[in-house]
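Novice: no sequence for this one, just the structure:
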């Protein structure tokens, strides 16, 4: 039976991913810093993604249920705090960087030994990594970091037989979207956690050589269009578009 380990699985997208894979018959590890209480069918436990020992313990615990290896690790946990950078507290900024950057990196580091020889790492990025977003500057920058880490590990881990991808949704209907940011006001919150979970499912089941080479996965038509526009337009065009969508 295939297996997936998910960080930040108590609520939101992490829970939706867990439920999607559970419905498909996978062995699911749902770990979080908060208790996972929504199902007795998953393997659950405590995970502080900013702590390397916590990662090691959580993955070792789950691997006892999977025969020692893990097919997919979903680096999902993330946090946000909105507001102009100069008005945010150092504690808020540090928390964003520690969870979204350090946490994802420690997760990848700890997962490597379980994924060697055919496993997949899925990192949760964001459409805010297409162009830097005002009012969520630190969060947006942290997702640029996730994208860069994904690209680097895609190359670095090929020889180990590990596929690395990331997911780039716009605002989804989770607690992370309950912030006062220009892009929330202009674009609204239209993506569901279940839609993101469907893309995670698709990402780990690529069909054909082209699909296996795909690295960044959008979720909605809009975030896919924004990503395409960023790839073909100069910075000044992307900056203007971002100002329109977030102002």
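Specialist: Sure thing, it's come through. Worth saying up front: this structure is predicted, and the values here are computed from it rather than measured.
Novice: OK, contacts around residue 25?
Specialist: By CB atoms under 8 Å, 6 or more residues apart in numbering, the residues touching residue 25 are residue 1. Placement of C-beta: from N, CA and C, glycine included.
Novice: and it, helix, strand or coil?
Specialist: coil (DSSP: H, G, I helix; E, B strand; the rest coil).
Novice: the helices in this protein, which residues?
Specialist: 12-23, 52-63, 90-97, 103-115, 137-156, 182-187, 193-203, 208-212, 221-232, 235-246 (DSSP state H).
Novice: Check the offset of the first one from the chain's centre.
Specialist: The one in question is helix 12-23. 13 Å (CA atoms, centre = their mean, to the nearest Å).
Novice: tell me the mean pLDDT for that helix?
Specialist: For helix 12-23, the mean pLDDT works out to 97.
Novice: For this structure, which residues score under the pLDDT cut-off?
Specialist: The model of the chain has pLDDT under 70 over residues 171-190, 222-223, 225-247.
Novice: run the last query once more with 80
Specialist: 171-191, 209-211, 220-247 (pLDDT under 80).
Novice: Can you check the distance spanned by stretch 62-70, start to finish?
Specialist: 8 Å (CA to CA, to the nearest Å).
Novice: contacting residues around that stretch?
Specialist: Applying CB under 8 Å, 6+ apart, the set of residues contacting stretch 62-70 is 3-5, 27, 29, 31, 43, 45, 59, 111, 114-115, 117, 119.
Novice: And the furthest pair within those?
Specialist: Using CB to CB, these span at most 24.6 Å, a distance reached by 45 and 117.
Novice: Neighbour count for those two, which is higher?
Specialist: Shown here are residue 45 and residue 117; by other CB atoms under 10 Å, residue 45 has more neighbours (18 against 9).
Novice: wait, which of the contacts of stretch 62-70 is closest to residue 105?
Specialist: Distances from residue 105 to the contacts of stretch 62-70, taken by CB to CB, are shortest for residue 111, at 10.7 Å.
Novice: now the helices of the chain in JSON lines, with distance to residue 35 and mean neighbour count?
Specialist: Converted to JSON lines, the helices of the chain look like this (distance: least, CB to CB, whole Å; neighbours: other CB atoms under 10 Å):
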{"stretch": "helix 12-23", "distance to residue 35": "12", "mean neighbour count": "23"}
{"stretch": "helix 52-63", "distance to residue 35": "14", "mean neighbour count": "18"}
{"stretch": "helix 90-97", "distance to residue 35": "20", "mean neighbour count": "15"}
{"stretch": "helix 103-115", "distance to residue 35": "18", "mean neighbour count": "21"}
{"stretch": "helix 137-156", "distance to residue 35": "25", "mean neighbour count": "19"}
{"stretch": "helix 182-187", "distance to residue 35": "28", "mean neighbour count": "17"}
{"stretch": "helix 193-203", "distance to residue 35": "19", "mean neighbour count": "20"}
{"stretch": "helix 208-212", "distance to residue 35": "37", "mean neighbour count": "9"}
{"stretch": "helix 221-232", "distance to residue 35": "32", "mean neighbour count": "14"}
{"stretch": "helix 235-246", "distance to residue 35": "35", "mean neighbour count": "14"}
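Novice: Switch these over to TSV; also include distance to residue 78.
Specialist: Shown next, in TSV, are those (distance: least, CB to CB, whole Å):
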stretch	distance to residue 78
helix 12-23	9
helix 52-63	15
helix 90-97	9
helix 103-115	8
helix 137-156	8
helix 182-187	16
helix 193-203	12
helix 208-212	26
helix 221-232	16
helix 235-246	19
